[in-house]
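Student: A predicted structure for the sequence below; I have some questions about it.
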Amino acid sequence: MMRRAAPRASQLNQLTKADLRSGRRQRRFKTFVKRVDKNNEIYYTRARNSLADHPHPDPDKQYEFFAMPDLLLDLDAEGTRLVRPFADADEQLFKANWGESPERTAARSILKQMEEQVYESRQKVQAMRAQTTTIWRITPHDVISTALHGGSATQTTPARDILSHNRRPGLDSTQVSQQRWQRLDLTEKLRAENGIPPHAVDDDQLLLRWMTLRRKALRTCPKSKTAPPSPSHVIEAIKAQSSLMGIRRLVFQCLAAGTSISSFQRDTEADSNLPRHIRDACIRILSQDAAAAADSSLRIDALAFLGNLAERLLAMGAHLDPLLCGTALALSAQSCSLEVTSVWLHRCHQASRRPESADASFMEDLLTALTSLCSRLSTRDDGGGPPSMHDAKSRQLLLQLLTGIDENKRLASDSFRSFAVACLDDGSRAAANAQRAVYAACIRLLGLLGAVRTLWREWRELPCLAGDAAPIPNQHDEAIALSFGAAMHQAVHVMGTADPDVLQDTSLGTRLEECVTMDYHAIEAHLGDAGGWRALDPCSALKCLPDGTTCRSTLNLPLEACVQKIKAWGTCE
């Protein structure tokens, strides 16, 4: 559209002053703003009065915005029909519209709570990164456990816990419920220590997301800023633990954080011996009270911890220390699991290449294992029935563990006898009392199994104890002779009349492995006799037992004469 030309001067002169004064016939012309595009070409745009379209806005200038109320009072329109005076009802209306509302107050409260949770969460994460020996770092096992069991205490019971055939044998519903609540307590503790919001436990998917985020944050932390825990710090943290779960989590997290594997091996200094402190902490927790000592599940948890630690160290090119192997051997014997005892006995021989160099703590654990097996083998259950280890399969397996006899009729090195005999190799008088007690417990177990041939031959295998050429026995030799006499007395009682060929099968030239093999096959015959189910009363058996000199002379006789003379001692019942 073409723009009209401006009026000429002659035309302006024709306008009267009244026309100019009244403003009639005046026009407001549009203004344009000169602009330059990216190609440096000039163009014009229409000028606007908007602040946003100002060509040169002032960045320092501030504008005050306000909200227009719904009710407008036009003070200049007083007396008109559509305007009324301001009343008290209007004041109440203003307060209702612009006062504090419950929704706004609730929103502020929720916002403040969220701010506190965010602050606490950040604080917990920073503390978790700084503490290298904390036990509450989230592990992959925690994530998998939460995925399988959930994190809410109000969730329904999983189907695998409802089906009776999927439950662990020996656990009733009370124990299953107790384990479930312990698992939930652990999840709640992990949530609180890692700064996870409380509402996350009500949604398993949300809880898993939080746990994975926390674990990822710890894994992405630069390792150069955090040094691995030193053995001294680990030892101090172990002393502060009050549960097996805490010890387990601490040890494995320190291994994952880069603690030296060599610190888990034997050390000459007792203060820096990490395996010794782990052993002492486990024993302290297991012996805190009578209920914990009698709780088989607690011993099973300790065995699982030591077994997993052995596998972890083996994968890293190291072996579990003999101290911890001995502790696991004692726990497995107390749990009356011969299969597990066999595994740990083999590990003890792998870890300790020189059985004669075993220290006092290991010998103490070995004595505990043998004493537990003796107690279980010589007592009855509460129901009055035969002991659970008195079936033929268990007794034969126990004889294998004691002597090391294998399917090739050879004596393997991984047996209780290897440790028991090794302590006497340096001379009977130089052996310690604890080592002699181990050997005596091993002999007593052979007597409870009815291994007459093995005991008779073992007496002749002893250094500096058998034969008339041996020197006059001292107090320790007297104790061993009495142990052999009591064990032979017990073995003859267990054998009864079920093994009539025992006197003809063995001669002075029979080797030890042959005697053990014959005793191994004779166990089933022993159980056919009623006397094979019970052991002699220790008190009454000691009353019938002669002195050490008589026991030595009796044991030096041929097997037939030895058994006949022992039968003459009687049972004193």
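Tutor: Sure thing, it's come through.
Student: so residue 349 sits in a helix?
Tutor: Yes. Assessed with DSSP: H, G, I helix; E, B strand; the rest coil, residue 349 lies in a helix.
Student: Spatially, and excluding backbone neighbours, which residue is closest to it.
Tutor: Distances taken as CB to CB, 6 or more residues apart in numbering put residue 414 closest to residue 349, at 4.2 Å, once the chain neighbours are dropped. Quick note: C-beta positions are derived from backbone N, CA and C, even for glycine.
Student: repeat for residue 183
Tutor: Counting by CB to CB, 6+ apart, the residue nearest residue 183 is residue 149, at 5.8 Å.
Student: go on, residue 524?
Tutor: That would be residue 392: by CB to CB, 6+ apart, it lies 4.7 Å from residue 524.
Student: count of neighbours near residue 141?
Tutor: By other CB atoms under 10 Å, 11 other residues sit near residue 141.
Student: one step back: which residues touch the residue nearest to residue 349?
Tutor: Taking CB atoms under 8 Å, 6 or more residues apart in numbering as the criterion, residue 414 is in contact with 345, 346, 348, 349, 404.
Student: How confident was the prediction at it?
Tutor: On the pLDDT scale, residue 414 is placed at 86.
Student: where does it fall, helix, sheet strand or coil?
Tutor: coil.
Student: How about the host helix or strand of residue 443, which residues are buried there?
Tutor: Using DSSP states H and E, residue 443 maps to helix 433-448. Judged by neighbour count (16 or more other CB atoms under 10 Å), helix 433-448 contains these buried residues: 434-448.
Student: so where do the helices sit in the stretch 51-200 of the chain?
Tutor: For the stretch 51-200 of the chain, the helices defined by DSSP state H, counting those that start in this stretch occupy 88-98, 102-130, 140-149, 159-162, 173-193.
Student: quick one on the thing from earlier: tell me the angle of the following helix or strand past the helix holding residue 443 relative to helix 433-448?
Tutor: The helix or strand immediately downstream of helix 433-448 is helix 452-461, counting by DSSP H and E. Computed with axes from the mean of the first three to the mean of the last three CA atoms, to 10 degrees, the direction of helix 452-461 lies at 150 degrees from that of helix 433-448.
Student: Counting by contacts, list what helix 452-461 packs against.
Tutor: Counting contacts by 3 or more CB pairs under 8 Å, 6 or more residues apart in numbering; DSSP states H and E, helix 452-461 packs against helix 433-448, helix 475-495, helix 502-505, helix 512-527, helix 559-567.
Student: Could I get the buried residue list for it?
Tutor: Applying a neighbour-count criterion of 16+ other CB under 10 Å, one finds 452, 453, 454, 455, 456, 457, 458, 459 buried in helix 452-461.
Student: Please apply the same query to stretch 123-136.
Tutor: 124, 125, 128, 129, 132, 133, 134, 135, 136.
Student: got the helices of the stretch 51-200 of the chain as CSV, with mean pLDDT and distance to residue 40 columns?
Tutor: Formatted as CSV, the helices of the stretch 51-200 of the chain follow (pLDDT from 0 to 100; distance: least, CB to CB, whole Å):
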stretch, mean pLDDT, distance to residue 40
helix 88-98, 82, 53
helix 102-130, 88, 52
helix 140-149, 85, 63
helix 159-162, 43, 77
helix 173-193, 71, 64
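Student: if we compare those helices, which one ends up closest to residue 58?
Tutor: helix 88-98 (31.7 Å; CB to CB).
Student: if we can go back for a sec, just give me the closest of the contacts of residue 414 to residue 559.
Tutor: Closest to residue 559, out of all of the contacts of residue 414 and judged by CB to CB, is residue 404, at 22.1 Å.
Student: thought the closest one was touching residue 420?
Tutor: No. With contact defined as CB atoms under 8 Å, residue 404 does not count as touching residue 420 (11.2 Å).
Student: who's more crowded, the two?
Tutor: residue 420 (25 against 20).
Student: got a list of what the more buried one touches?
Tutor: 435, 438, 439, 442.
Student: how close does it sit to residue 436?
Tutor: 9 Å (CB to CB, to the nearest Å).
Student: Which neighbours do those two have in common?
Tutor: Common neighbours of residue 420 and residue 436, counting by CB under 8 Å, 6+ apart, are absent.
Student: For the nearest residue to residue 441 once chain neighbours are set aside, give me the pLDDT.
Tutor: The spatially closest residue to residue 441, leaving aside those adjacent along the chain, is residue 370, at 3.7 Å (CB to CB, 6+ apart). Here, the pLDDT recorded for residue 370 equals 93.
Student: swap in residue 453?
Tutor: 90.
Student: Quick check: it touching residue 559?
Tutor: Yes. With contacts counted by CB under 8 Å, residue 453 reaches residue 559, the gap being 7.1 Å.
Student: got the phi/psi numbers for the residue nearest to residue 524?
Tutor: Phi and psi for residue 392, reported as degrees, to the nearest 10, are phi -60, psi -40.
Student: With residue 32 instead?
Tutor: Dihedral angles (degrees, to the nearest 10) for residue 32: phi -120, psi 150.
Student: likewise the one 10 residues further on?
Tutor: Backbone torsions of residue 42, given as degrees, to the nearest 10, read phi -90, psi 140.
Student: so what's it up against?
Tutor: Counting by CB under 8 Å, 6+ apart, residue 42 touches 34, 35, 36.
Student: Buried by neighbour count: which residues of stretch 247-264 qualify?
Tutor: 247-255, 257, 259, 263-264.
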